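> Provided below are the primary sequence and the corresponding predicted coordinates.
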Amino acid sequence: MLIRFFNGRATALVAIALASSLTACVAPPVAITPTAKAAIHTVRVNPVVKLPPDMLYMGPAEGVAMLVAGPLLGQQAASSTGTSAKAQLAAEMQANHIDVGEIVAAEFAKEASAGTSINFAVGSAPADAQVELAVNVYGIAHAHTLGSTLYPIVNLSVTMKAADGSVIWQATHVASAQNFENKEGHTLEEFLKNPELLRQSFINGSDIVSRIMVQDFMAPPQSRPGHIS
């Protein structure tokens, strides 16, 4: 996964804080066996996606808070500084019916169907296996030192279960602000002025993390992409 290069102490501190947030405790990875994969032709994606109670926001002011407070207290200081921005963003998302869970489910099903020979569909129709999605972290953050351009972040966990309920594949990956493919960036003012930019950004972030998931699903166990654990 290509990432943007960091530049400066402030960005390094922000990276430490984001890494801590994005690597919260999640279920351990489970590689799917060739036998299990060969038996799957259809997958039902649960439309109910678990979301954290609050979104992540890391803008220029939060970068300054990180620089002043350091990596240990930086997250708390940045969270306090970004409260107003998060409230504004959340209000715009609610007013414009921007549902991150719905976006993630739809984009995962689309990318998984395109990247495999298996049909992934959101809904409740009978299938060979079922996928549960959990968004561990989502939000927007800057990728460069005190930069004003903000990019979507989507940290996603996927659990696939066979018809008997057993877990046959499990993975966690992230589309971060530093991901080179993450090009849907705007300022906070632009996001608030045109909330559809938020929708498109989260679609883009969901596409990125879903493509990483597909690589994980298709790869032999010994060559799977790195996991968040």
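Arrived safely, thanks for sending. Residues are numbered from 1 along each chain as shown.

> only C-alpha atoms for contact and neighbour calcs from this point on.
Noted.

> now His41. Nearest residue, chain neighbours left out?
In space, and not counting its chain neighbours, His41 is closest to Ile118: 4.9 Å by CA to CA, 6 or more residues apart in numbering.

> I'd say that neighbour and Ile40 touch.
Yes. Here Ile118 lies in contact with Ile40, judged by CA atoms under 8 Å, at a distance of 6.9 Å.

> and the next element down the chain from the helix or strand containing Val154?
Element membership for Val154 (DSSP states H and E) is strand 150-162. Once the chain leaves strand 150-162, the next helix or strand it forms, by DSSP H and E, is strand 167-175.

> what angle separates that next one from strand 150-162?
Strand 167-175 and strand 150-162 are oriented at 180 degrees to each other (axes from the mean of the first three to the mean of the last three CA atoms, to 10 degrees).

> related to what we said a few turns ago, ok, the residue nearest to His41 - contacts?
Residues in contact with Ile118 (CA atoms under 8 Å, 6 or more residues apart in numbering) are 40-43, 112.

> per-residue confidence for it?
Looking at Ile118, its pLDDT is 98.

> please apply the same query to Phe180.
As predicted, Phe180 sits at a pLDDT of 78.

> from Ala143, how far out is it?
10 Å (CA to CA, to the nearest Å).

> who has more neighbours out of the two?
Ala143 (28 against 14; other CA atoms under 10 Å).

> before we move on, the earlier item: now the strand holding Val154 - C-alpha only, PDB.
Extracted in PDB, the C-alpha atoms of strand 150-162 (Å, rounded to 0.1, in the frame of the first residue of the first chain):
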ATOM      1  CA  LEU A 150      -8.500  16.700   4.700                       C
ATOM      2  CA  TYR A 151      -8.800  13.100   3.600                       C
ATOM      3  CA  PRO A 152     -11.300  10.400   4.600                       C
ATOM      4  CA  ILE A 153     -10.200   7.600   7.000                       C
ATOM      5  CA  VAL A 154     -12.000   4.300   7.100                       C
ATOM      6  CA  ASN A 155     -10.800   1.500   9.400                       C
ATOM      7  CA  LEU A 156     -12.800  -1.600   8.600                       C
ATOM      8  CA  SER A 157     -13.100  -5.100  10.000                       C
ATOM      9  CA  VAL A 158     -14.700  -7.900   8.000                       C
ATOM     10  CA  THR A 159     -15.900 -11.300   9.400                       C
ATOM     11  CA  MET A 160     -17.100 -13.900   7.000                       C
ATOM     12  CA  LYS A 161     -19.100 -16.900   8.300                       C
ATOM     13  CA  ALA A 162     -20.000 -20.100   6.700                       C
END
